[in-house]
Every structure is written in structure tokens, then in C-alpha cells.
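Trainee: A structural model of the following input is requested.
(2 chains)
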Protein chains: 2
Amino acid sequence: MKKVKLIVSYDGTRFGGWQRQKEGKPTVQGEIEKALQKILKNDEIRICGSGRTDSGVHAYAQVAHCWAPDHVDTVPLVRGLNGLMPKDISVRSAMIVDNDFHAIASSEMKTYQYKIYNSPIPFALNAKYMLWVRKPLCLDLLNKMSKNFVGTHDFKSFMTAGSPVPSTTRTIFRAEWVKGSDSELSFFVSGNGFLKQMVRNLVGTLLHLHNKGLGESELLEILAAKDRRKAHVSAPAHGLYLMEVKYPEDISKSLKTLN
Amino acid sequence: MKKVKLIVSYDGTRFGGWQRQKEGKPTVQGEIEKALQKILKNDEIRICGSGRTDSGVHAYAQVAHCWAPDHVDTVPLVRGLNGLMPKDISVRSAMIVDNDFHAIASSEMKTYQYKIYNSPIPFALNAKYMLWVRKPLCLDLLNKMSKNFVGTHDFKSFMTAGSPVPSTTRTIFRAEWVKGSDSELSFFVSGNGFLKQMVRNLVGTLLHLHNKGLGESELLEILAAKDRRKAHVSAPAHGLYLMEVKYPEDISKSLKTLN
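Mentor: This next block holds a predicted model:
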């Protein structure tokens, strides 16, 4: 068997998230596995993604791995998968990597982007891809609050309840709002890992505090409380993008590309 | 009654085009009329668009007009319509204009953009908004062919059959391919009017000739033939955007904005 690494983009609009489900909406994992199983003629193939993006979340570059039969190294997997999968999922690259590579365990840093369209009037052509915020947002205020996320903190206040996790402490390397073209604002956040719905909870709380005329001191209280009830409602899924997952070079480098 | 001008954006993906239909997919005209009738409490209101975009075609700035009861000048129509309509249609502006304004008859120039993603690998996040072309396209060759569209010509070869039109002659002011960011190419075309599916037929024929290693002389033959059978298959709808409709300043200027 060989270890295969895939880098995948998807438009999350139509999907019930990353994780395969028995019922309900199609999922990204489910669609990729179906296509992989067909190409490699093996019903047992399962992929493991770097994280389970929620229903409606998009990805520029989600990373997944799988074990594949040895003959995979003769298969043009990128072309094959893109030919079989629906157009709202695309494999950007596929490669054989070191046997020890693991999409979750090897990951060093993940980057998310949350996109906001800040304009008095909504715009149909980005409505499924950015959160529309009518009232003018102050980038300075958002950045003053967000810089408090950088560093190692217990982010329990920003975790949506779910399966228990060994620790709610995470290290954030960057948390910054950037002005894009036109009326676009983006929140970029990079960290060694994220709790369930953490980015959406961070953004939702920042927007709530901004909206109420509150700021840094209230944010610090929420962070210190380690209590989800102190934070505010999640920002919607459709503004969120998984942008990059970083791995150590030695374990993740391509031993053979499968284009 | 007062004459109202609307500027409208839409993501055409889900719609059966602009024109209201009795059955089938929802249409942009149908959705706007439903919302207008509700806001103005008048079931008779009908809108007239500058042109009937096909199923799947998008618009940055489609223009439409309607007659509305006099009290419309007290109604915040932009906010009201955007609150009622699905998110994939948005009204960008609404205003009272001169009684003589007519979205079709007054129009001087329309501009369309056709977007292509020219990359060996498709990209899920633009798959519904650009035509993916795998093989490298030569901008120079496309522009050499396209410049022949500029001027006044009989474009019969590029008209899809439909209801008869008095003339198949149109004047094209600009027909140009431009490189965008990343792997994006766009065809911009402006003219005093367009025949049925004309832009999609122009683009489809250009891509076919490019693909076959043919060029300007073959294009000129097709144009001269005035025969749809000489041209090639239409480019798909999802790459096409109605960008702008221009009107004479005096007749189209806002007498009162209805935000």
C-alpha cells in the first residue's frame, strides 16, 4: 500500500460538510471516496481529512490522506477524480508521500479566511460566498480585539459543544482583519489547531461586540471566562474558507505526483 | 403612475433565465415582480428588462423598468426588495426616472463579459462562474479574431434561431480579450444590441477555431456566410455576465432615489 496526499477545493454550498454521513445531504468526503473507489477499483478506500469542515464551509486547500493499492503510482489521479466528481469539488493535486504522513496528526498550522461584504446593499453574486454586513465595520476596532487571540490560550468560550476534546488550549499565530477590494473585509486566522466552530465563534463574537459598541475589555472577559455561554452567536458558515494546512516539509513532500 | 428604473444583480445558476415562465424553474423577472407586487400592494405590476438573459447567465447590472403607483416615491424600494427576494437576486439601485425611459428602447449600449478559467486543473470555487478551459489559450490569437467583430456587421451566423427579428445587423464598439488575475481570461464585448445567444455563439466559435488551429480567415468566412450552420456550438451560459446597460443621461437620470 502507498500513502496518498490530496489537496482539495470545494464550494461548500450544497454539501452537508466534509464528513461522510449515512443520510442527508451529500458530503465532500463521501463524493471523493466514491470517485477514488471507482478509479482504484477498491471499495475499502477511506480518506482522512485534516479537519471536518461544517456544512456550508468552503475550502481552497483542504488536505486529506488515504492508503491506496501500490498500482496507484501509475494512475493520473487528479485528472481521473476531477472527471468523475461533481464540479463543486476539485482535486488540485495528488501525490505519493511518506508512509508516516497523516492529514490530522502531522499538521503544524491551519489557516482560515472569513469573508465579509460590508456594504449598505447586498450583492447577489457573492451572497453564497461572503457574509453580508450592512453597517460599516471599523477594521481598527476589529484588529484591536483580534490581536488578543494571538498566543497560547484556552479557547473554551469559543468552542461549540460536541465530542469531548483532551484540551481546549490552542496556539494562534495570526488573527488579522484585512481590507480587500471593493467592500470586502477578511479575517485571517492561523493556528496549530481549532476547536469545533471556533473560527465562526470568534467572528460572531467580534461582530457582536463591534455592533454593541463594546471592545477589547469585553473580549478579554469572554476569553477569560472559559464558558461558551459568555461568547456570542456563531457567524454563518458560508463566509468561511479553509485556506491552507501546513505540514513539515520532510514528511509531506511529494515522492511522485499523480496528475 | 411613475416610471421606476431598477438596476439588478443576479447569480443565474438556479434560474430559468430572466423571463417569467408559467412553469419550470424560477425566473429573475418572476421573483422581482412577486416582491414588487407585495411591497406596492398591486398585483398588476410588470417589469421590463433590457434583455432576456438565458437560463444560467449572470448579471452585475441588468436594468429594468416598471410603472408604479404614485406613492412609490415614499417607498424604500431597494431595502424592501432585498429583504423579500431570495439572496441570489439583489437590487443595487431603484429610482424614479422620466416617463419616457424604456429599458429596451432607450438603451444605447450593452456590455457583456465572458469569463474563462484557463488552467490544467479545474477549481471548484469558480466552477459555476467561469468556463473551465484546460488547454492554454492564446490571447493574441483570440484578439486577432475578435477585432473583426468591431463595427457594423450582419451577425446572422451568430444568432440562435428564435422569434424573427427585423434586422440581424448590429454595431459592436469593443470586442476584446483581457488577462485577469491568476488563470482568468475575459472576453469583453460592447454593442448597440445583441441577437439571441450572440455572445455565447461568438465565444463558442472563437474557442472552436482556436482549438482547431484556425484563425482570422476562417472567422471572416463564418461572419460573411450569414448562416448559423457555419458557426460553432455556443459557449455555456455559466461563464456569461451582463455587465452594464447604458442609456442617454437625460432620460435615465434619477429624479428620486428609492433606497
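Trainee: What segments of chain A are strands?
Mentor: With DSSP state E, the ranges of strands along chain A come out as A:2-10, A:48-49, A:58-68, A:89-97, A:109-118, A:131-133, A:151-154, A:169-179, A:184-191, A:240-246, A:256-257.
Trainee: I'd like to check the angle between the fourth one and strand A:2-10, please.
Mentor: If you take axes from the mean of the first three to the mean of the last three Cα atoms, to 10 degrees, strand A:89-97 sits at 160 degrees to strand A:2-10.
Trainee: Mind listing the strands strand A:89-97 pairs with, and their directions?
Mentor: strand A:2-10 (antiparallel), strand A:256-257 (antiparallel) (DSSP bridges).
Trainee: so which of these comes closest to B:Ser254?
Mentor: strand A:2-10 (41.7 Å; Cβ to Cβ). Just so you know, the C-beta spots here come from the backbone N, C-alpha and C atoms, and that holds for glycine as well.
Trainee: For the closest residue to chain B within the stretch 151-259 of chain A, which residues are in contact?
Mentor: The stretch 151-259 of chain A approaches chain B most closely through A:Asn259 (7.8 Å), counting by Cβ to the nearest Cβ. Shown in contact with A:Asn259 (Cβ atoms under 8 Å, 6 or more residues apart in numbering or on different chains): A:Pro76, A:Leu77, A:Val78, A:Arg79, A:Ser93, A:Ala94, B:Pro120.
Trainee: Over to A:Thr205?
Mentor: A:Phe158, A:Leu219, A:Ile222, A:Ala231, A:His232.
Trainee: 7 Å - rerun?
Mentor: Counting by Cβ atoms under 7 Å, 6 or more residues apart in numbering or on different chains, A:Thr205 makes contact with A:Ile222, A:Ala231, A:His232.
Trainee: Out of these, list just those in helices.
Mentor: Judged by DSSP state H, these include A:Ile222 as members of helices.
Trainee: Just the buried ones from the contacts of A:Thr205, in PyMOL syntax?
Mentor: Burial among the contacts of A:Thr205 is assessed by 16 or more other Cβ atoms under 10 Å in any protein chain shown; the matching PyMOL selection reads:
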select buried, chain A and resi 222+231+232
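Trainee: Using CSV, lay out the contacts of A:Thr205 together with distance to chain B and pLDDT.
Mentor: Below are those laid out as CSV (distance: Cβ to the nearest Cβ, whole Å; pLDDT from 0 to 100):
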residue, distance to chain B, pLDDT
A:Ile222, 30, 97
A:Ala231, 26, 90
A:His232, 23, 91
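Trainee: Nearest to A:Asp88, out of the contacts of A:Thr205: which one, please.
Mentor: Relative to A:Asp88, and with distances defined as Cβ to Cβ, the nearest of the contacts of A:Thr205 is A:His232, at 30.6 Å.
Trainee: Please pick the buried ones from the contacts of A:Asn259.
Mentor: A:Leu77, A:Val78, A:Arg79, A:Ser93, A:Ala94.
Trainee: Could you work out the most separated pair of these?
Mentor: A:Arg79 and A:Ser93 (11.4 Å).
Trainee: CA atoms only for stretch A:93-108, dumped as PDB, please.
Mentor: Extracted in PDB, the C-alpha atoms of stretch A:93-108 (Å, rounded to 0.1, in the frame of the first residue of the first chain):
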ATOM      1  CA  SER A  93      -3.000  17.900  -6.600                       C
ATOM      2  CA  ALA A  94      -2.400  14.300  -5.700                       C
ATOM      3  CA  MET A  95       0.900  12.800  -4.700                       C
ATOM      4  CA  ILE A  96       2.500   9.800  -3.000                       C
ATOM      5  CA  VAL A  97       4.100  10.800   0.300                       C
ATOM      6  CA  ASP A  98       6.000   9.200   3.200                       C
ATOM      7  CA  ASN A  99       4.000   6.400   4.900                       C
ATOM      8  CA  ASP A 100       4.100   8.400   8.100                       C
ATOM      9  CA  PHE A 101       2.200  11.400   6.700                       C
ATOM     10  CA  HIS A 102      -1.200  11.900   8.500                       C
ATOM     11  CA  ALA A 103      -3.500  14.700   7.500                       C
ATOM     12  CA  ILE A 104      -4.500  15.400  11.100                       C
ATOM     13  CA  ALA A 105      -1.600  14.300  13.200                       C
ATOM     14  CA  SER A 106       1.200  15.700  11.000                       C
ATOM     15  CA  SER A 107      -0.500  19.200  10.600                       C
ATOM     16  CA  GLU A 108       1.500  22.100  12.000                       C
END
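Trainee: give me phi/psi at the residue lying closest to A:Asp11 once chain neighbours are set aside?
Mentor: In space, and not counting its chain neighbours, A:Asp11 is closest to A:Asp88: 4.1 Å by Cβ to Cβ, 6 or more residues apart in numbering or on different chains. Backbone torsions for A:Asp88, taken as degrees, to the nearest 10, come to phi -90, psi 10.
Trainee: Run through the residues that contact A:Asp88.
Mentor: A:Tyr10, A:Asp11, A:Arg14, B:Ala124, B:Ala127.
Trainee: Among those, which one is most surrounded by other residues?
Mentor: Within the contacts of A:Asp88, neighbour counts (other Cβ atoms under 10 Å in any protein chain shown) peak at A:Tyr10, which reaches 28 neighbours.
Trainee: Quick check: the gap between A:Val199 and A:Leu242.
Mentor: For A:Val199, the distance to A:Leu242 equals 9 Å [Cβ to Cβ, to the nearest Å].
Trainee: now the strands paired with strand A:89-97 as TSV including mean pLDDT?
Mentor: Listed next are the strands paired with strand A:89-97 as TSV, based on pLDDT from 0 to 100:
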stretch	mean pLDDT
strand A:2-10	98
strand A:256-257	96
